[in-house]
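1. Here is a sequence with its predicted model. Questions after.
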Amino acid sequence: MEEAPVFVGSVLPAWLRDAVPAYTGADAAAWGVGWLDDDAYTRQAALDRQMKRKFGKTNKTDYVRPHLEAAEQENFRGAVLALFHQDRVLMLVERRRDGARHAIKLRFVGGKRSHADLDAWQCALREFREETGGVLDVGTAEPSMVAWNALTRQATFVAHTTDASAAAKVQGLGRPPESGPNLLPPEGPLTTVWVPIRLLLDSNFVRENVHKNAPHDHDGGFAAQVLDLYLASMRR
């Protein structure tokens, strides 16, 4: 059985607590594991790989600025939209590959660039809407600050909400946005949870519970960058 992080285990919706053992447990026959449309997923993945082969050079240093530089805007590989409410940030509870096995970890809401994305902000919005089922309104105006992660070629934006029920709205969907009745995605988001900022300042918590943003992100560097961006957005 795959265990969820201790922090999120008590807040997982009942359907997810019941479904997690089905990945490897005795009840696996009760749940299919796959995408809703495997053919469409395969076609899109092929187009995305073709696009990525054309990427050029980008800045090799992390930064937090009002806008991405031209090279990063053209050659980014992914984007994140970190949604904050007071002293908490909305994160995904996600099934990810961890070496030869899978593990359930926390991850910021975002994902890889698609061939259809016009820029990094549009990519972040698309990923956010897909991974939260489109039930949250974060507007369309690009935030005034963005962080660039040179290691992963990823842009991160911060937004703020006064809607304390945002996570509950996503959990109320009853299943992952990319899933369906009696079907779990082989990898990807399962539900959402509000994570206190203080926990993301704890390197041990990040190391044990947050998915590495890259193979070399052992010290929670990306989580720290997101919090730096959050503080910069609060000062503006």
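-> That came through fine.
2. Check the chain for its longest strand and report it.
-> In the chain, with assignment by DSSP state E, the single longest strand is strand 88-98.
3. Dump the next helix or strand after that one to PDB, restricted to CA.
-> For strand 88-98, the succeeding helix or strand toward the C-terminus, using DSSP states H and E, is strand 101-108. Presented in PDB, the C-alpha positions along strand 101-108 are these (Å, rounded to 0.1, in the frame of the first residue of the first chain):
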ATOM      1  CA  ARG A 101       8.300   2.700  -7.300                       C
ATOM      2  CA  HIS A 102       5.700   5.300  -6.900                       C
ATOM      3  CA  ALA A 103       5.000   7.600  -3.900                       C
ATOM      4  CA  ILE A 104       2.300  10.100  -3.000                       C
ATOM      5  CA  LYS A 105       3.800  13.600  -2.500                       C
ATOM      6  CA  LEU A 106       2.800  17.300  -2.400                       C
ATOM      7  CA  ARG A 107       3.500  19.500  -5.400                       C
ATOM      8  CA  PHE A 108       2.800  23.100  -6.400                       C
END
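4. Specify the angle between strand 101-108 and strand 88-98 in degrees.
-> Interaxial angle, strand 101-108 versus strand 88-98 (axes from the mean of the first three to the mean of the last three C-alpha atoms, to 10 degrees): 160 degrees.
5. buried set for stretch 130-149?
-> Across stretch 130-149, burial judged by 16 or more other C-beta atoms under 10 Å covers 130-133, 136, 138, 142-143, 145-149. For the C-beta atoms, the positions are set from N, CA and C on the backbone; glycine is no exception.
6. Count the neighbours of Leu47 for me.
-> Neighbours of Leu47 under the rule other C-beta atoms under 10 Å: 12.
7. Revised request: answer the last question for Glu69.
-> Other residues close to Glu69 by other C-beta under 10 Å number 12.
8. Also Asn204?
-> Close neighbours of Asn204, defined as other C-beta under 10 Å, add up to 9.
9. Select, from the buried residues of stretch 130-149, the two members most distant in space.
-> Using C-beta to C-beta, the pair of the buried residues of stretch 130-149 lying farthest apart is Gly133 and Trp148, separated by 28.2 Å.
10. hey, where'd the strands end up in the protein?
-> With strands called from DSSP E, the chain shows them at 32-33, 63-65, 78-85, 88-98, 101-108, 110-112, 146-149, 154-160, 183-184, 188-196.
11. want to try a markdown table for those strands, with distance to Arg43 and mean pLDDT as columns?
-> Shown next, in a markdown table, are the strands of the chain (distance: least, C-beta to C-beta, whole Å; pLDDT from 0 to 100):
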| stretch | distance to Arg43 | mean pLDDT |
| --- | --- | --- |
| strand 32-33 | 20 | 50 |
| strand 63-65 | 35 | 92 |
| strand 78-85 | 20 | 92 |
| strand 88-98 | 22 | 78 |
| strand 101-108 | 25 | 76 |
| strand 110-112 | 15 | 88 |
| strand 146-149 | 28 | 93 |
| strand 154-160 | 24 | 92 |
| strand 183-184 | 19 | 56 |
| strand 188-196 | 18 | 77 |
